[in-house]
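Asks: Got a predicted structure here, sequence first:
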Amino acid sequence: MRTWLPGLRGRASRQLRRAWRYSPPVILAASFAVLILLGALLLWTPWASPGQDLGFWQALFTACSAVTVTGLVVVDTGTDLTLFGQAVVLVLIHLGGLGLMSFAALTVMALGGRFGLRGQRLVREAMDQTSPGDVLILVRYIAILALSLEALGALLLAFVWVPEMGLAQGLWFSVFHAVSAFNNAGFGLLPESLSPWAGQPLVNGVITALFIIGGLGFTVLMDLWRQRRFATLGLHSKLTITGTLVLALGAWLLILLFEWRNGETLGALPVGDRIWAAWFTAVTPRTAGFNTLDTGALALPTVLLMMFLMFIGGGSNSTASGIKVSTFMVVMLATRSFLMGRSQTTAFRRGIALSSVFRAHAVVVLSLMLLMLGNFLLVILEPDLRALDVLFEGFSAFGTVGLSRGVTTEMSAGGQGVLMFLMFVGRIGPLALAFSLARPRDAKVRYVENQVQIG
């Protein structure tokens, strides 16, 4: 026994080290699974809910939604959870939103330190940084920037909610929603989300600013801080900012058009409030999850538009999810180049690397396959619910958005399990793909190329 046990321990130790070095997606997924389980156990305790304890399944769904910064709920956060339970949700949101970015940076940097030059290339591609040292700077700025913006947002929101609710409740309301907004989580303390303030300029302005800034991506924010001018920004930052503006403004105008005369949404509001409500509805699908209009009463064109926006999501390396704005922009630009007969994909007088084009298409195709699989299962498991409502929940879960047509609580345990799967892969998947696809794998053999009929 003593002769072979040390050798066994040595081999196991080496295998664990190899797993850490070569499988960051596995480590990332496992760490998030453990965090979800710990959060569920905390929410399952008697201290987390008043009067009646949450069932473990409800606690697990809530923890999964919080860690993946989604916002879909099967219990009302404001009434079914105590202050302790709400604080647990808030901590899980922080760890899931900002912890993901920090974990990614530290993991990539660890790989860079162990793999030398090859690891440094991984750092540059996966984190869009120029050197491993920039990743350390990124981690530090993530914490400083997030806490500063959340504190500023909470302070501004307090000017509205403290006079309405009193000091203690108003401050907690402001802090909770500021953190939830910046992390694109969509958790609120009222069943109707932010509908009572559909036309309140300060609430609309602060909340949308927080989740748009949080969804731009920390790489873009650092680039803006350093350069201060659009012309000198990096190509990734230009694509993300341009795509965000085009999608937000385009969706804003379309929602005004689709919902202006809808008596259950914009049509029920004064003209000034309609502008704010349409803007909020246009930008919240970037995975923010808050709503000021009844999502279940939206017109069909608006619902389809929001599903499209939820699939795209926010910026890379951000608190948002989805395939990411930069991915969408690269795919669109590559399609334009093909249709115009160009051999190179370009934007802002810069060429986009062919590897980035391949990666963008791979992320879109794999994301579509996962989303189709999830929605296929949901339709099978929930035959008594409207197909449109079920598909909307599936898109919302995969994009970690949190917008709901009001059927999440009506779903069976199987349907809610599929939603948890979509939330998990929607949050972990794109980053795991970035890790795996960023690794250079130079082929040792080149084959003769042949034409294949397409279309």
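Replies: On my side now, so go ahead. The model shown is predicted, which means the values in this text are computed figures rather than measured ones.
Asks: use CA for all of it now, contacts and neighbours both
Replies: Will do.
Asks: what's the pLDDT at L381?
Replies: We have a pLDDT of 95 for L381.
Asks: For burial, what's the neighbour tally of it?
Replies: By other C-alpha atoms under 10 Å, the residues close to L381 number 18.
Asks: List the residues that contact it.
Replies: S412, G414, G415 (C-alpha atoms under 8 Å, 6 or more residues apart in numbering).
Asks: What about these, which are in helices?
Replies: G414, G415 (DSSP state H).
Asks: ok, of the contacts of L381, which one's closest to G399?
Replies: G415 (16.7 Å; C-alpha to C-alpha).
Asks: For the closest one, grab the count of nearby residues.
Replies: 23.
Asks: any idea how far it is from W279?
Replies: G415 sits 31 Å away from W279, taking C-alpha to C-alpha, to the nearest Å as the criterion.
Asks: Tell me where the stretch 351-455 of the chain has helices.
Replies: With DSSP state H, counting those that start in this stretch, the ranges of helices along the stretch 351-455 of the chain come out as 354-381, 387-398, 413-438.
Asks: Average pLDDT for the second one, rounded please.
Replies: I take that to be helix 387-398. The average pLDDT for helix 387-398 rounds to 95.
Asks: which stretches of the stretch 1-150 of the chain have low pLDDT?
Replies: For the stretch 1-150 of the chain, the stretches flagged by pLDDT under 70 are 1-27, 51-52, 99-139.
Asks: the helices in it, which residues?
Replies: Under DSSP H, counting those that start in this stretch, the stretch 1-150 of the chain gives helices at 5-22, 24-44, 56-67, 77-80, 83-115, 117-127, 132-165.
Asks: Could you figure out how far the second one is turned away from helix 56-67?
Replies: Orientation check (axes from the mean of the first three to the mean of the last three C-alpha atoms, to 10 degrees): helix 24-44 against helix 56-67 gives 130 degrees.
Asks: same check, this time on the longest one
Replies: Per the same axes, to 10 degrees, the angle that helix 132-165 makes with helix 56-67 is 120 degrees.
Asks: List the buried residues in the helix or strand just after helix 132-165.
Replies: Using DSSP states H and E, the next helix or strand after helix 132-165 towards the C-terminus is helix 167-182. Within helix 167-182, the residues scored as buried using 16 or more other C-alpha atoms under 10 Å are 170-182.
Asks: For F358, give its distance to G234.
Replies: The gap separating F358 from G234 is 20 Å, by C-alpha to C-alpha.
Asks: Compare these two (neighbour count), which wins?
Replies: G234 (17 against 14).
Asks: Skipping its backbone neighbours, what lies nearest that one in space?
Replies: D223 (7.2 Å; C-alpha to C-alpha, 6 or more residues apart in numbering).
Asks: residue contacts, that neighbour?
Replies: The contact partners of D223, taken as C-alpha under 8 Å, 6+ apart, are L233, G234, S237.
Asks: you'd agree it is in a helix?
Replies: Yes. Under DSSP: H, G, I helix; E, B strand; the rest coil, D223 sits within a helix.
Asks: how close does it sit to F230?
Replies: Taken as C-alpha to C-alpha, the span from D223 to F230 is 10 Å.
Asks: And D384, by the same measure?
Replies: On the measure of C-alpha to C-alpha, D384 and F230 end up 51 Å apart.
Asks: Need the buried residues of helix 167-182 in a markdown table (columns: distance to G394 and pLDDT).
Replies: As requested, the buried residues of helix 167-182 are exported to a markdown table (distance: C-alpha to C-alpha, whole Å; pLDDT from 0 to 100):
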| residue | distance to G394 | pLDDT |
| --- | --- | --- |
| G170 | 33 | 95 |
| L171 | 34 | 96 |
| W172 | 31 | 95 |
| F173 | 29 | 95 |
| S174 | 29 | 96 |
| V175 | 29 | 95 |
| F176 | 26 | 95 |
| H177 | 24 | 95 |
| A178 | 26 | 95 |
| V179 | 25 | 93 |
| S180 | 21 | 93 |
| A181 | 21 | 93 |
| F182 | 23 | 92 |
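Asks: ok, now how distant is L224 from T232?
Replies: Separation of L224 from T232 (C-alpha to C-alpha): 9 Å.
Asks: So between those two, which is more surrounded?
Replies: Neighbours per residue, other C-alpha under 10 Å: of L224 and T232, the larger number sits with L224, 17 against 13.
Asks: check contacts around that one.
Replies: F230, L233.
Asks: picking up where we left off before, tell me the pLDDT of the residue nearest to G234.
Replies: 84.
Asks: same check, this time on the one 10 residues further on
Replies: Model confidence at L233, given as pLDDT, is 90.
Asks: can you count the residues close to it?
Replies: Applying other C-alpha under 10 Å, we find 17 residues neighbouring L233.
Asks: how much space is there between it and H94?
Replies: According to C-alpha to C-alpha, L233 stands 28 Å off from H94.
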